[in-house]
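# Here is a sequence together with a model predicted from it:
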Amino acid sequence: MKLTGVELRRISMPLVAPFRTSFGVESTRDILLLRAVLDGEAEGWGECVALSDPLYSPEYVDAAADVLKRFMLPRLFSLGQVDGAAVGPALEPIKGHWMSKAVIETAVLDAELRATGRSFARELGATRDRVPCGVSVGIHNSVGALLESVEGYVSAGYVRVKLKIEPGWDLEPVRAVRERFGDDLLIQVDANTAYTLQDAPHLAKLDQFDLLLMEQPLPEEDILGHAALARLIKTPVCLDESITSARTAAAAITLGACSIINIKPGRVGGYLEARRIHDLCRAHGIAVWCGGMLETGIGRAANVALAALPGFTLPGDTSASDRYFKTDITEPFVLRDGHLDVPAGPGLGVTPRPAELAAVTTRTEWLTA
Ligand code: NPQ
Ligand code: MG
């Protein structure tokens, strides 16, 4: 099939509550959606996970739209034949911009799979029909407010809680959650690069709370620092921001920088590279779990499919739609017994609902060969 057109659609999604991390706070998610059309009729969707500002990764949503329009789409429009597997190789000469590569690859894959009645989950190699879900809990203004939020998530059925931490918000909130909810609650922490190796003695004080893992304590390029830290603390080190490809994952594993990896398809250039990282980690005995970027139902459907692969042995940040949004653009993902169902229909198995989509759209652009 040939790529004949692409719609770039910007939507503005209000969050149910502000989400604060060590790098900033957001109350609205400004998202780029992409609709790919093959042979003038087959349609597929993708959701770009880039944030508004380059604070989580070097990517940001305006740059994602720009690089797609000026550099990626022209290369793909000029191909005689395109399918999901051809997108990565065609865009290989373009450095970085993984989130932009991921969104167009996903949309082309979705179009191809919908046209042939195959599900995204089946195509990736999913072996389960539902996945256990964790929840990511932002930095709060007080420990009391944090406990109230965690209480709500635990009652909703989430099987694991991830607490965002930063210097000044670490030992006290983690201790409070562990004491209040007991030893059985699965807890992990995520620093989004807020510490340095000099903080190792302080981070070692978190060992006493039996955390599942500590996610990305040090800067993204500090692979050697993570390897040193992993030898100084008992809590397993997990990398997020540092892992941008199967190659960087292989290097981090070989250097002993992590024993667990958070796989976010957007951050690594797409679901096919995400699967390669899954396969690599499985061969090395490295546990993986599926990260999240506050996706709508479109990105969430694809993440839930990936999380159903056999190597995803830890609960992901694949929360229900209502964790983030009052109204989702697709049929909402609803938590049942701490799990989400893996969509089984053709392609991603979910489609934006026209009225809900129109209500949040701020701009659309139609591009053709
Ligand atoms: C992480 N996600 O694992 C990211 C970071 C992230 C679910 O914790 C707005 C503001 C959107 C902050 C998306 C989770 C964001 C955001 C993702 C942080 O590191
Ligand atoms: Mg993270």
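Perfect, thanks for sending it. Ligands and ions are numbered 1, 2, ... in the order given.
# Show me which strand runs longest in the protein.
Ranked by residue count, the top strand of the chain under DSSP state E comes out as strand 3-21.
# Can you give the strand pairings for the next helix or strand after it, parallel or anti for each?
Using DSSP states H and E, the helix or strand that follows strand 3-21 in sequence is strand 24-38. Strand 24-38 has its sheet partners listed here by DSSP bridges as strand 3-21 (antiparallel), strand 42-48 (antiparallel).
# Export those strands to a markdown table and append columns for mean pLDDT, mean neighbour count and distance to ligand 1.
Where you see a C-beta, it was placed from the backbone N, CA and C, and this is true even at glycine. Listed next are the strands paired with strand 24-38 as a markdown table, based on pLDDT from 0 to 100; neighbours: other Cβ atoms under 10 Å; distance: least, Cβ to the nearest ligand atom, whole Å:
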| stretch | mean pLDDT | mean neighbour count | distance to ligand 1 |
| --- | --- | --- | --- |
| strand 3-21 | 98 | 17 | 5 |
| strand 42-48 | 98 | 25 | 12 |
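# before we move on, back to that, from the chain's centre, how far out is the longest strand of the chain? Work that out for me.
The chain centre lies 14 Å from the centre of strand 3-21; the measure is Cα atoms, centre = their mean, to the nearest Å.
# swap in stretch 299-309?
Distance of stretch 299-309 from the chain centroid (Cα atoms, centre = their mean) equals 10 Å.
# Which residues belonging to that stretch are considered buried?
G299, R300, A301, A302, N303, V304, A305, L306, A307, A308, L309 (16 or more other Cβ atoms under 10 Å).
# re earlier: does any part of the longest strand of the chain sit near ligand 2?
No. Using Cβ under 5 Å from the ion, we find that strand 3-21 stays clear of ligand 2, coming within 8.2 Å at best.
# show me where the stretch 1-150 of the chain has helices.
Ranges of helices within the stretch 1-150 of the chain are 61-67, 73-77, 84-91, 98-116, 120-124, 143-156, based on DSSP state H, counting those that start in this stretch.
# Give me the distance between the residue of the stretch 51-200 of the chain found nearest ligand 1 and T248.
Nearest residue of the stretch 51-200 of the chain to ligand 1, counting by Cβ to the nearest ligand atom: S136, 3.5 Å away. Distance, S136 to T248, by Cβ to Cβ, to the nearest Å: 23 Å.
# out of those two, which sits in the busier spot?
Of the pair S136 and T248, S136 is the one with more neighbours under other Cβ atoms under 10 Å, namely 24 against 17.
# The more buried one reaches T318, doesn't it?
No. Here S136 lies out of contact with T318, judged by Cβ atoms under 8 Å, at a distance of 10.3 Å.
# Are there residues contacting both of those two? Which ones?
G292 (Cβ atoms under 8 Å, 6 or more residues apart in numbering).
# from the buried residues of stretch 299-309, which single one is nearest L213?
Nearest to L213 among those: A307, at 16.2 Å, using Cβ to Cβ.
# Show me which residues of the chain sit near ligand 1.
19, 21, 26, 51, 56, 136, 190, 192, 240, 291-294, 317 (Cβ under 6 Å from any ligand atom).
# hmm, back to that, in CSV: the strands paired with strand 24-38, plus distance to K69.
CSV is the format used below for the strands paired with strand 24-38 (distance: least, Cβ to Cβ, whole Å):
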stretch, distance to K69
strand 3-21, 7
strand 42-48, 12
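# What parts of this protein come near ligand 2?
Residues of the chain found near ligand 2 (Cβ under 5 Å from the ion) are D190, E215, D240.
# go again using 6 Å as the cut-off
D190, N192, E215, Q216, D240, N262 (Cβ under 6 Å from the ion).
# What is the nearest of those residues to V131?
Ranked by distance to V131 (Cβ to Cβ), the residues of the chain next to ligand 2 are led by N262 at 14.9 Å.
# can I assume the closest one sits in a strand?
Yes. The assignment for N262 by DSSP: H, G, I helix; E, B strand; the rest coil puts it in a strand.
# Once you drop chain neighbours, what's closest to the residue nearest the centre of the chain?
Nearest to the mean C-alpha position of the chain, by Cα atoms, centre = their mean, lies G292 at 3.0 Å. The shortest distance from G292 to any non-neighbouring residue, by Cβ to Cβ, 6 or more residues apart in numbering, is to D317 (3.4 Å).
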